[in-house]
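[1] 3D, please:
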Amino acid sequence: MSAARLQALRQAAITQGLLPPHAQLPAQDPRPWPAVLLMALGAWLAALPLMGVVGLLFGDLLTGAAGPYVVGVLMLSGALVVLRSDETPLFVEQLAVPALLVGLLSLGWACFRDLPGALAAALLGLLVLALGWAVRRAWLRAPLGAAGAILAALVVAPHGDPFSMHGDAMLRYGLAWQGGVLLWLATLAVQRRALGNAATARAAGALEPLAAGWLLACLVGLAWWAGTTFLVGGAMGGGIVSDLGRLATEHQARAGRAPLLQALSVLLALCALWLAVRAWPGLGRPWLAVAGLVPVVLAGFMPALGALLLALAACVVSARWRLAAAAGVAAAWVIGAFYYQLAWPLAHKALLLAVAGALLGALAWWPARRAFAAAGEAPAADSAQPPWARAGLAACALLVLAVANFGIWQTESLIAHGQPVFVELAPRDPRSLMQGDYMALNFRLGVDMAPVGLMSASRPRVVARRDAQGIATVLRLHTDGGILAADELLIELTPKDGRWTLVTDAWFFREGEAPRWAGARYGEFRVAADGRALLVGLRGAELRPL
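    Numbering: from 1, shown residues only. All right, here's what the predicted structure looks like:
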């Protein structure tokens, strides 16, 4: 931001009483950011071998009971002394950052080793926030604030395991991220009070980057909790990030039907609407109030949306535009994730979003039409909106159509050109065989997948052999460089509920068609040469079509 812009903001804040009359801008860092970036790169390149040498020399100390605590405290103390000094050379300052990271990792490993998970997360969260308050580098306070928010969310994990994804863990994580947004709002109130006092104004400024990092972590957490958004899951393919997104999507189906979460989301969305109307009374007009109620209604069906709307309103009202942009992106992600809420038929979800969009469009068009009619003028197409706005809308529409049709083309190409493969179904718990409008599947793999962790960098593939009928028998795990025989093919596996399976563990059908699929004995797949597979149907005994 330019110096003139900063001076204008300072004068406006003094005029509105947000800053005392004698408030001055902090001294700007004269060092250009490319030099800082290169110096940081050099510091990291120097720190990594240094840390390796220290690890080799004091390896026995690190494996002892008290060793990680000693190393962590020493590293954090040294880094904190450097980062609190105003006269530190740039290279030494950047060298303190990996030392800070190593100290936190050392203490974190020791705490999670010796303490219950929730207690360890709470202690580390308090430590991280204290460090963020103590250091004098705003760019470092933001990531420390984000780390504090993540550790605070881990505190509410069930059974003392902060990394559990089963049971009511996802419900707890959702409540934790929403509570994090509320704590951030409380921080805004504290900052506003502190800015009116010259003695505490500096503390309010120090709190801003810490709170911004906290909010960004909550926004990302709410987006992840909502699950994979529209078309992103298929575009991301395999890997840890996409698998975690799909895991959240599966658990979000239950959260979407939880009355408590729905009510809380609506309440937070109403608070967002009240906050906006309070800041701009003109929004209280009837047609604008109805437009504001549309996202409130959507928040009732999307439990993560209410907190994001509240964060978005607070950021816009307080002119935190970058955080507002992040909250808007997260809200768009959550709305797109509604596509994967399997408790709703796809037609009903599309109808809800179409009605909401049409209502917002009508509410935006009708007042403009009445204004032109009252003035006795016809709305001019050229003056209604600038050319770049129409070009942007057209470009967005074309991009959406291109992405959607590319995904459709990929799927149709796999169906048309993939090898037809049939995999035998294994017995499944009868209590979960038929659940509403889907059937639980369990494919007979016959391969021990225990050596392959669910958090592997890429998805494993198995080698299968087809017989004359196309029935596949899984032979072994595929390792890099393994040569396939002429009658062998690769099939990629997918993580589902703590285990590996082929593509999916469920087959969805229309309500009332359960008897038709009850006799399924084989899953029908189309498999590409690289192992990508798609479940296209089920077959009965002797591959009889159902």
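
[2] which regions of the stretch 401-546 of the chain sit below the pLDDT cut-off?
    Per-residue confidence for the stretch 401-546 of the chain (pLDDT under 70) gives these ranges: 426-439, 446-458, 480-482, 497-498, 510-512.

[3] Mind jotting down where the helices sit in it?
    The residue ranges that make up the helices of the stretch 401-546 of the chain, judged by DSSP state H, counting those that start in this stretch, are 514-517.

[4] where's residue 336 relative to residue 51, distance?
    Separation of residue 336 from residue 51 (Cβ to Cβ, to the nearest Å) stands at 41 Å. For the C-beta atoms, the positions are set from N, CA and C on the backbone; glycine is no exception.

[5] Compare the two (neighbour count), which wins?
    Counted by other Cβ atoms under 10 Å, residue 336 and residue 51 do not tie: residue 336 has more neighbours, with 18 against 15.

[6] I figured the more buried one hits residue 230, correct?
    Yes - between residue 336 and residue 230 there is a contact under Cβ atoms under 8 Å: 3.8 Å.

[7] and residue 494, what are its bridge partners?
    residue 501 (DSSP bridges).

[8] How many residues are close by it?
    Residue 494 has 18 neighbours, counted by other Cβ under 10 Å.

[9] now do residue 331
    Burial of residue 331 is recorded as 26 neighbouring residues (other Cβ under 10 Å).

[10] ok, now which ones touch residue 530?
    Listed by Cβ atoms under 8 Å, 6 or more residues apart in numbering, the contact partners of residue 530 are 490, 492.

[11] Next, work out how far apart the most centrally placed residue in the chain and residue 543 are.
    Here the mean C-alpha position of the chain is nearest to the C-alpha of residue 224 (Cα atoms, centre = their mean), at a distance of 3.0 Å. From residue 224 across to residue 543, the span is 41 Å (Cβ to Cβ).

[12] got the domain boundaries for this protein?
    1-30, 419-543 (automatic domain parsing).

[13] Tell me how many other residues crowd residue 220.
    Residue 220 is surrounded by 17 other residues when neighbours are defined as other Cβ under 10 Å.

[14] Ok, the one 10 residues further on next?
    The number of residues packed around residue 230, counting by other Cβ under 10 Å, is 18.

[15] For residue 9, give me the pLDDT.
    On the pLDDT scale, residue 9 is placed at 68.

[16] Kindly apply the preceding question to residue 338 instead.
    Residue-level confidence at residue 338 comes out at 82, pLDDT.

[17] May I have the secondary structure class of it?
    helix (DSSP: H, G, I helix; E, B strand; the rest coil).

[18] Spatially nearest residue to it, not counting backbone neighbours?
    The shortest distance from residue 338 to any residue other than its chain neighbours is 5.5 Å, reached at residue 302 (Cβ to Cβ, 6 or more residues apart in numbering).

[19] State the distance from the one you found to residue 269.
    Summarising the geometry, the distance separating residue 302 from residue 269, computed by Cβ to Cβ, is 10 Å.

[20] check which helix or strand covers the nearest residue to residue 305 once chain neighbours are set aside.
    Spatially, and ignoring its direct neighbours in sequence, residue 305 is nearest to residue 299 (4.3 Å; Cβ to Cβ, 6+ apart). Here residue 299, judged by DSSP states H and E, is contained in helix 286-301.

[21] Show me how far the next helix or strand after that helix is from its chain's centre.
    Past helix 286-301, heading to the C-terminal end, the next element that is a helix or strand (DSSP H and E) is helix 305-317. Taking the mean of its C-alpha atoms, helix 305-317 sits 16 Å from the chain's own mean (Cα atoms, centre = their mean, to the nearest Å).

[22] by how many degrees do helix 305-317 and helix 286-301 diverge?
    Orientation of helix 305-317 against helix 286-301 (axes from the mean of the first three to the mean of the last three Cα atoms, to 10 degrees) gives an angle of 140 degrees.

[23] who's in contact with helix 305-317?
    Outside of helix 305-317, the residues within contact range by Cβ under 8 Å, 6+ apart are 177-178, 181-182, 184-185, 188, 215, 218-219, 222-223, 226, 264-269, 271-273, 275-276, 279, 295-296, 298-299, 320-321, 323-324, 327-328, 330-331, 334-335.

[24] Report the buried members of these.
    Of all the contacts of helix 305-317 considered here, the ones buried according to neighbour count by 16 or more other Cβ atoms under 10 Å are 177-178, 181, 184-185, 188, 215, 218-219, 222-223, 226, 264-266, 268-269, 271-273, 275-276, 295-296, 298-299, 320, 323-324, 327-328, 330-331, 334-335.

[25] Just the ones of these in helices?
    Secondary structure assignment (DSSP state H) places 177-178, 181, 184-185, 188, 215, 218-219, 222-223, 226, 264-266, 268-269, 271-273, 275-276, 295-296, 298-299, 323-324, 327-328, 330-331, 334-335 from the buried ones among the contacts of helix 305-317 within helices.
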